[in-house]
Structure formats: structure tokens, C-alpha cells
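*Asks:* Following is a predicted model, sequence given first.
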Amino acid sequence: MHPYLPVLIVLAVALVIGLVMSFLSAFFGPKVPSAVKQEVFECGVPELGSRERMSVRFYLTAILFILFDIETVFLYLWARTFKSLGWFGIVEIFVFVAILVAGYVYVLKRKALEWE
Amino acid sequence: MIELGFFYLFAVIALGAALGVILLKNPVAAAMLLVVTLCALAAEYVLLGAEFSAAIQVLVYAGAIVILFTFVIMLLNLGQEEVGQLMGVSKWALLFSLLTGAAIILIQRLSVGRLPEAALSTLGSDNVYEVGMALFTRYLWPFELASLLILLAVIASIVIAKKPTLPARDA
Amino acid sequence: MELPVLDETAVQIIATVVKFLVVLVAVLHIPPVMIWVERRAPALMQRRRGPNRVGFFRWRLWGLLQTLADAVKLIFKEESVPGSAYRGFFHLAPLIGLIPTLLFVSSIPFGPGIEIGGWKISLSVIELDIGALFILAVTGIGVYGVTLAGWASNGKFSLLGSLRASAQMISYEIPLGLSLIPLVLIYGSLNLQQLIYAQSVVWKWGIFLSPISFFIFLICMFAETNRAPFDLSEGESELVAGFHTEYGSAKFALFFLSEYVAMFALSCLCSVLFFGGWQIPFVSHALLVSLLGVNLAALVGVATLLLKAAFFMWLYVWVRWTLPRFRYDQLMNLGWKFLLPLGLANICVTALVLAVMGA
């Protein structure tokens, strides 16, 4: 059996069962919709909607996440081959990490990670 | 035979979702279909025996990059009418993508037999190990250059997001 | 009666389906029990009684049936969708959150293999050589459930709560990934089952060989599941209920389910990575097999892993009622300015020590 076949099986079974579970209330529950009930929760005041722009820090967090995620992936590759590469691998990865730490220090210096 | 069946299944999913990415008006729906496309591509990689590439595809592309897209969409938080203005496909974009597609097919046709065979056949079952060994010995310089590329991206993203003329001041 | 002849593939496919259904049924029992614990334990700590009424007639069972009653109530509630919501994604979001956590829990090796009728069956539903990376990839996809829920609800509180929660989850995914690397360095594998076999003796357990990894992993465990003290995404006093403000009925229950399944999966993963998985300390598996036979020894293994995981589930509750909530800037600083450098330093030091010892 292909080792990834179970992934597909789990996906399929989970999808079916999840769909059933998420529509349980639609079958069993009452349905008495009303305009007030369908308003978005706003602590009791009339609905204002959510059309406002969010802080740019979320965007910065996401972009830094991508970059460090890629770094993590490279580190995994190195960790797996560490026993064969030995010191050579260590030198390589230390250069790699050092360059990225320079970037990280720049991020800190520009206070891009500051939340208040 | 079964593998071929799965190949076509995932190919159809990937293509269908990719079409959705282009054609749907709702940006978040497009982003989610992009996740589907990328995951279907990851499944194709698995069928090719490249499970490490598949994991990276999901981890970095589907998991990280599209999260950035959704964040940007949510940050801009455009109303329905504003989205409509953005979504019109210009003639130039259409022309450009058609030309690019044609060029890719042309190059592929011309280079049959000239490009080196895909290295997949040499990949053993221990995928991560083999990719790692190749990367850290044969492709040492590209690997170190990659770190410079990431460094550049870090700096660029901060320069764009934080105005350089202002002293570091939080709005 | 003659059984039809089964080949290896058919047996394994059937086994996979059965194993997953067993896991699913087991996992469905976690939220009711855990919610009961989460109500009774703080009551104990704060010298209250906690829920103790619901039961069969005279038998109240310490209020254990309260959560069952709650679950039934949730199913029979009306499903109310906000008028301004994006309906499709509103309905899909709980599912998108649930499925990755189910994939995660399926890739935990719950025990050594068993043998039924001569067929060898492993006790993890999904067993991959890149197990650790698979888990990271799957947790990455799980973030979309939270993001979509908030966006599709189209309300202020939901949107802000989901943005906060997803930013938090992705921020802690990096230290989480970094904390596993020293283990890969030491044991030389990404396959969870092989990691367990590598920790055959107590002093080879991950917690002793890489205690800092354990420290980072433990913090990330709490942050990834948006649990106290990092439950800012649903800080009631400011965000009502965070990303699931607009959800009710069965879909709300699904969010609960995925949260508890994620907690359970991370607890299991923690036991697998740092506490020898299904192995009993000081008792070798070979000895167990010779005493009890393969299948019974495997069951003992499963029980051991569940016991270890139960401790971490209890830790979740314990911490929740002990520590106050962080502020959002503190949370982000902890992840980006403390755990990330610590994780990197941990990797470098581990590699140097290993290289020096090997040379």
C-alpha cells in the first residue's frame, strides 16, 4: 500500500463525518429566523459592520512567518543529513543561520516586531 | 494503473481550482482555491515519489504564502463594489498570459530529449536525506545564496511596510 | 464458512479505515470529558462545587453527564447565520478547522504494531517517513479554519479575534518547528515511530537530551491551541468570544471539538517526542512482549501513551486556572523575541555538542 493512501482515506472519512456533524443542527434545530437575530453581535448597539482596516503589523507578521518558515525547512534538511555531513554541514548551516540572524537583527532594530 | 488514475484525479482538481482562482470574484474564495490547487499539486509530487517537495509545497506555499494573501485581503477589507473594480481582466493581461503559455509549450516541445532527465528515478525512499545531501554538497552555493535572498526579502518587506523616512515610530 | 482471500493492500486499507474510526470515536469523547474536568477541577481549586446535578435519577455521577446534556442541547439549537455573513465559508470554516486536526491526531503512533491473523498492523493511522514535517504542514493548514471563521462572520469581534488568533498561531509555528530540529539532530529521523524506538531507555528520552526543546515545545503547545494563558483571541472582556462569536449550535461544538482534538494531538506528540511515546520507563518492550505477547504488549503501550498524554491534558487545565492571560504584545514578544532566538541557539549548541562528541 502506498504510504500516503491513509492520508486520503482519513481526508475522505473526516470530510463525510465532519459534514454530517456540522449539519446536525440544521436538521434537528428549529428555524425561526428574524432580522434582529441575524444581526452581527455588536454589544447591543446597532450593527456597524466590520469595514475598517486592520493594523499593518499582521501583514508584517505574516511575511516574516513565510521567511522564517523557509529557514526552518532548510534546517530540517540539514538536521536529517547532519550525521553524514558532520563539521562540513555545521559550517554551512552556521553561515546560513548567521546571514538570517543579520536579517533578524535588522527586523529588531527597525522595531518591526513591536506591538503595543 | 491506479497511480495514473490518481494522477488524473489530482490534475483535474488542481486545474479546476486554478480556474476558480482566476475566475471567482470573491478574493478570499480565490485564495482558498489556491490552497486547494497547491495541495493537489503536492499530491502529484507524492505520486512522483518526491514527498519532501510535497511537504514543502503544503508547508510553505499553502500554509504560509496564502496565509499572507488572506491577511492582506482581510487587512484591506475591501467592500464588494471595490473588489469588483479590481477584478476586471485587462486585455493586456490576457494577451500576456496567452503568450507566456504558448512560450512554455513551445520550449517544452523543442527541448524534448535535450533537457536532463528528471532526477526522480534516483530518489530512494529516504527522500529528505537525499534532497539534503544533494543540497548541501552539490548545490552548496545556491543554498547559501538562498539565505541572502531571504535576507533581502526580510529587509525589503520591512522597508515597504515601514516608511523609511520616519524614525521608527509606531502609529 | 470460507473467508475470501485478502491481499496485503486490502487488509491494510480495511485496517486504516477501522483504525481511523476507532481514533475518531475516541476523540469524540475527549471534549465532554475534558470540559467536565475543566469545570470540576477549578471548582476543586476554588472550593466550589462545580456542576454536580445532571445524572440518572439518583445517580449523579459527579455531574459527568452535564457535558453530555450540553452537547445534546447544542445539537438541538437553532442555527443562526448572520445576515451579512459570507454563507458558504461560514458553513465551511469549522470543517476546515477540524480536518487538519484529525489528520494530525491520525499520524500519532499510539503503540507498537499488532498482529491479527498473521497480518502486521501498525498502530498509527498514517505512518510517514516525514511524519514531523507532515504534522507541521497540517497545523499550517489548520490556521485557515480560524481565519475563515472570523472573516466569513463579517463582524468586528470575529474578524479581529480571528486575525489575532491566526497571527498568534503562525508566530508560534516557527518556534514549534525549530524545537523539533534538535531531536532530529540527535535521533536522526523524522519518522515518529522511529523517534520512539530511538528513546528506548529513559536517559535517552527527549526531555533529558534536549530540555530546552521541551521548554519551547511546551509553550508552543499552549499558544498553538489558543489556550490560556495565550487565549487572547477569545479574551471575553475585549473580544466577546473571538473568531467564533457568531457561531452557535453544532458548528460551535465543532470548533470546540477541533480545539480539544488539537490539544490531545499535541499532548500525544509531546509524549512521543520527549517522553518515550508508548514505552514504559525502565521496562523494555521486548520484556513486555515475552511476558504478554505482541498484541497485549501493544495495548499496554497504548495505555501508557494515553496516560502520558492525559498528564499534559491535565496540565492544560491546571495552567488555565493558574496563570493570568498575557497581553497581545507580550505574547508576540515572547514568540518572536524570546522563543525564536532561543530555538536557533538551541539548535546550534546541540549541533556543536553532537559534533564534538562524535569527533
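*Replies:* Received the coordinates, thanks.

*Asks:* where's C:Gln46 relative to chain B, distance?
*Replies:* 39 Å (C-beta to the nearest C-beta, to the nearest Å). The C-beta positions use only the backbone N, C-alpha and C, and glycine is treated the same way.

*Asks:* again, but for C:Lys120
*Replies:* In this view, C:Lys120 and chain B are 18 Å apart by C-beta to the nearest C-beta.

*Asks:* Can you list the low-confidence ranges for the chain?
*Replies:* No chain in the question, so chain A it is. Scanning chain A with the threshold set as pLDDT under 70 gives A:36-37, A:41-54, A:116.

*Asks:* My question was about chain B, not that one.
*Replies:* B:77-90, B:113-125, B:163-171.

*Asks:* Of all the residues in it, which one is nearest chain C?
*Replies:* B:Gly63 (2.6 Å; C-beta to the nearest C-beta).

*Asks:* doesn't C:Ile141 make contact with that residue?
*Replies:* Yes. With contact defined as C-beta atoms under 8 Å, B:Gly63 counts as touching C:Ile141 (5.9 Å).

*Asks:* of those two, who's got more company?
*Replies:* A count of neighbours by other C-beta atoms under 10 Å in any protein chain shown puts B:Gly63 above the other of B:Gly63 and C:Ile141, at 29 against 23.

*Asks:* and the more buried one, that one's in a helix?
*Replies:* Yes. B:Gly63 forms part of a helix when assessed by DSSP: H, G, I helix; E, B strand; the rest coil.

*Asks:* neighbours around residue 25, how many?
*Replies:* As the question left the chain open, I've gone with chain A. Around A:Ser25 there are 23 other residues, counting by other C-beta under 10 Å.

*Asks:* could you do chain B instead?
*Replies:* Neighbour tally, B:Lys25, other C-beta under 10 Å: 11.

*Asks:* quick one: it and B:Ala93, what's the gap?
*Replies:* B:Lys25 sits at a distance of 16 Å from B:Ala93 (criterion: C-beta to C-beta, to the nearest Å).

*Asks:* right, and the helix or strand after the helix or strand that contains C:Ser258?
*Replies:* Using DSSP states H and E, C:Ser258 maps to helix C:249-274. Next in sequence after helix C:249-274, counting helices and strands by DSSP H and E, comes helix C:285-292.

*Asks:* who's in contact with that next one?
*Replies:* Applying C-beta atoms under 8 Å, 6 or more residues apart in numbering or on different chains, the external contacts of helix C:285-292 come out as C:Pro112, C:Ser200, C:Gln279, C:Ile280, C:Ala297, C:Val300, C:Gly301.

*Asks:* following that helix, which helix or strand comes up?
*Replies:* The helix or strand immediately downstream of helix C:285-292 is helix C:294-320, counting by DSSP H and E.

*Asks:* got the angle for that next one vs helix C:249-274?
*Replies:* 110 degrees (axes from the mean of the first three to the mean of the last three C-alpha atoms, to 10 degrees).

*Asks:* Let me know the average pLDDT across helix C:294-320.
*Replies:* Helix C:294-320 shows a mean pLDDT of 90.

*Asks:* packing partners for it?
*Replies:* Contacts defined by 3 or more C-beta pairs under 8 Å, 6 or more residues apart in numbering or on different chains; DSSP states H and E place helix C:294-320 against helix C:30-45, strand C:114-116, helix C:211-224, helix C:249-274, helix C:285-292.

*Asks:* try 6 Å
*Replies:* helix C:30-45, strand C:114-116, helix C:249-274 (3 or more C-beta pairs under 6 Å, 6 or more residues apart in numbering or on different chains; DSSP states H and E).

*Asks:* can you pull the buried residues of the first one?
*Replies:* By neighbour count with 16 or more other C-beta atoms under 10 Å in any protein chain shown, helix C:30-45 contains the buried residues C:30-32, C:34-43.

*Asks:* Of the residues you listed, which are in range of chain B?
*Replies:* For chain B, no contacts are drawn from these by C-beta under 6 Å from any C-beta of the partner chain.

*Asks:* so who does the nearest residue to C:Tyr260 once chain neighbours are set aside touch?
*Replies:* Distance criterion C-beta to C-beta, 6 or more residues apart in numbering or on different chains; nearest residue to C:Tyr260, sequence neighbours excluded, is C:Pro31 at 4.4 Å. C:Pro31 sits next to C:Phe256, C:Leu257, C:Tyr260 when contact means C-beta atoms under 6 Å, 6 or more residues apart in numbering or on different chains.

*Asks:* what do you get for C:Phe275?
*Replies:* Here C:Phe275 is in contact with C:Trp205, C:Lys308 (C-beta under 6 Å, 6+ apart).

*Asks:* before we move on, the earlier item: now do the helix holding C:Ser258 against helix C:211-224, angle only.
*Replies:* Put simply, helix C:249-274 runs at 180 degrees to helix C:211-224, going by the same axes, to 10 degrees.

*Asks:* Helix C:30-45 and helix C:249-274, what's the angle between them?
*Replies:* 80 degrees.

*Asks:* helices or strands next to helix C:249-274 in the packing?
*Replies:* Taking 3+ C-beta pairs under 6 Å, 6+ apart as the contact cut, helix C:249-274 packs with helix A:5-22, helix A:24-28, helix C:30-45, helix C:65-75, helix C:87-106, helix C:206-209, helix C:294-320.

*Asks:* hmm, back to that, so the residue of chain B closest to chain C makes contact with C:Gly140?
*Replies:* Yes. Using C-beta atoms under 6 Å, B:Gly63 makes contact with C:Gly140 at a distance of 2.6 Å.

*Asks:* Show me where chain B has its helices.
*Replies:* B:2-23, B:27-47, B:51-56, B:66-76, B:80-87, B:91-110, B:127-137, B:140-161 (DSSP state H).

*Asks:* does any bit of the third one sit next to chain C?
*Replies:* This means helix B:51-56. Yes. Helix B:51-56 reaches chain C (C-beta under 6 Å from any C-beta) through B:Glu51, B:Ala55.

*Asks:* same for that helix, what does it pack against?
*Replies:* Counting by 3+ C-beta pairs under 6 Å, 6+ apart, helix B:51-56 packs on helix B:27-47, helix B:127-137.

*Asks:* With distance to chain C as added columns, please give the ones you listed in a markdown table.
*Replies:* As requested, the helices and strands packed on helix B:51-56 are exported to a markdown table (distance: least, C-beta to the nearest C-beta, whole Å):
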| stretch | distance to chain C |
| --- | --- |
| helix B:27-47 | 6 |
| helix B:127-137 | 6 |
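
*Asks:* Brilliant, that's me finished.
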